[in-house]
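In: Got a sequence here, can you model it:
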Amino acid sequence: MGIKKAFAAIIMLFVTVIAFAQGTKKLDKIIKRDYQIIEGTITKISDKTVEYSLPGETVQISLDVSQIARIEFASGRSQTFDVTPENTTQTSSNQNIVAQEIKPNTIAVLPIPYVNSGTQESSEDMAKFAQNDMYNKLLDKSANIFPLTVQDLRTTNSLLHKAGIDHNNIDETPIEDLEKILGVDNIVAAKISYTMSSSSTASTYGSGSTTVSNNDKKVKSTDYSTTTANTQMYYYYNVYFDMYKNGTKIYSQTRQPFLKLKDSWIDSVSYLLKRSPIYVKK
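Out: All right, here's what the predicted structure looks like:
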């Protein structure tokens, strides 16, 4: 009897461990080019599609690889999907690329897409602001990135404009083409996606006055109250930071700022830059 009880206990423990392992199973992450993140279990990858299932479901969903920027597998491995002529349509302006002479040890800062991942709206002003912020950070830290020289921002944007490239289609152009267009052997590319939420609070302040008559019998009281509503906006960012050298990706990180403030993405850009392979502490 004792052996049977022990055996039953071992079976129960084994089942519990399996259930626990399944409940805490890590999921694969598909990061789309529109910055949407899908968590699930990838079952098949081909040249044209990626098949996956959502947590708790067995239905297989197929996604075209042209929509995928990167996959972060549960194992820790990461796979990047580069856009090629076979799975994207290039504009006529990009088909006639004027190649510049490559200037060794030169780095260019690309326009930085700044997109609301909920509405898919992109801000041109914020894309330019973010690009300018990155550019200034590299200039300020020129001693830390030596021997690299930062390409002038006007030169970068002028060459991109001639090629018909801006913050809306920068992700659709292969890095090799961008290096030829800009004449650089190093490129830093970033993306900023965000969602917003709000929280409202109301504060009420009261005051009053009392009037007493001459015979000390009649009393008149007047009360005043004021209610003030305050709305706090919260920003949830994903900052994607990639660095390329001679067409090869040498650094790729994603960071979510701890603070939920409007400008919190700036701190993440600084953090990732200082931990990139081009940055050397002085």
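
In: CA atoms for contacts and neighbours, from now on please.
Out: Will do.

In: And for M233, the neighbour number?
Out: Using other Cα atoms under 10 Å, the number of residues around M233 comes to 12.

In: Tell me what T41 is bridged to.
Out: S53 (DSSP bridges).

In: Quickly note the distance from it to Y52.
Out: Distance of T41 to Y52, computed by Cα to Cα, to the nearest Å: 5 Å.

In: ok, now which ones touch the spatially most central residue of the chain?
Out: Nearest to the geometric centre of the chain sits N238, at 2.8 Å (Cα atoms, centre = their mean). N238 makes contact with I192, S193, Y194, T254, R255, Q256, P257, according to Cα atoms under 8 Å, 6 or more residues apart in numbering.

In: swap the cut-off to 10 Å and go again
Out: Listed by Cα atoms under 10 Å, 6 or more residues apart in numbering, the contact set of N238 reads 35, 117, 191-195, 254-257, 265, 268.

In: pLDDT added to the residues you listed, as a markdown table?
Out: Below are these laid out as a markdown table (pLDDT from 0 to 100):
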| residue | pLDDT |
| --- | --- |
| Y35 | 65 |
| S117 | 85 |
| K191 | 93 |
| I192 | 94 |
| S193 | 93 |
| Y194 | 92 |
| T195 | 92 |
| T254 | 93 |
| R255 | 93 |
| Q256 | 93 |
| P257 | 92 |
| W265 | 93 |
| S268 | 93 |
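
In: Which of these fall in helices?
Out: Counting by DSSP state H, those place W265, S268 in helices.

In: List only those of the contacts of N238 flagged as buried.
Out: Y35, S117, K191, I192, S193, Y194, R255, Q256, P257, W265, S268 (16 or more other Cα atoms under 10 Å).

In: Quick one: end-to-end length of stretch 69-79, please.
Out: 9 Å.

In: Inside strands: which ones of the contacts of N238?
Out: Judged by DSSP state E, the contacts of N238 include K191, I192, S193, Y194, T195, T254, R255 as members of strands.

In: Looking at the contacts of N238, which one is closest to P277?
Out: T254 (15.2 Å; Cα to Cα).

In: Quick check: next helix or strand after the lowest-mean-pLDDT helix or strand in the chain?
Out: In the chain, no helix or strand scores lower on mean pLDDT, DSSP states H and E than helix 92-95, which sits at a mean of 42. Following helix 92-95 in sequence order, the next helix or strand is strand 103-109 (DSSP states H and E).

In: that older thread, need the overlap of contacts for T41 and Y52.
Out: With Cα under 10 Å, 6+ apart as the test, T41 and Y52 both reach D28, I30, T58, Q60.

In: What about the last one, how many residues nearby?
Out: In other words, Q60. The burial count for Q60: 15, using other Cα under 10 Å.

In: Surely S123 and K191 touch.
Out: No - assessed by Cα atoms under 10 Å, S123 is found out of contact with K191, at 12.0 Å.

In: The stretch 101-250 of the chain: strands as residue ranges?
Out: 103-109, 114-116, 149-150, 184-212, 219-245, 248-255 (DSSP state E, counting those that start in this stretch).

In: Give me whichever of those strands is most buried.
Out: Across these, averaging neighbours per residue (mean count of other Cα atoms under 10 Å) puts strand 114-116 on top, at a mean of 22.

In: what about that one, distance to the chain center?
Out: 9 Å (Cα atoms, centre = their mean, to the nearest Å).

In: neighbouring contacts of it?
Out: Strand 114-116 has contacts (Cα under 10 Å, 6+ apart) with 34-35, 120-131, 167-168, 190-196, 237, 239.
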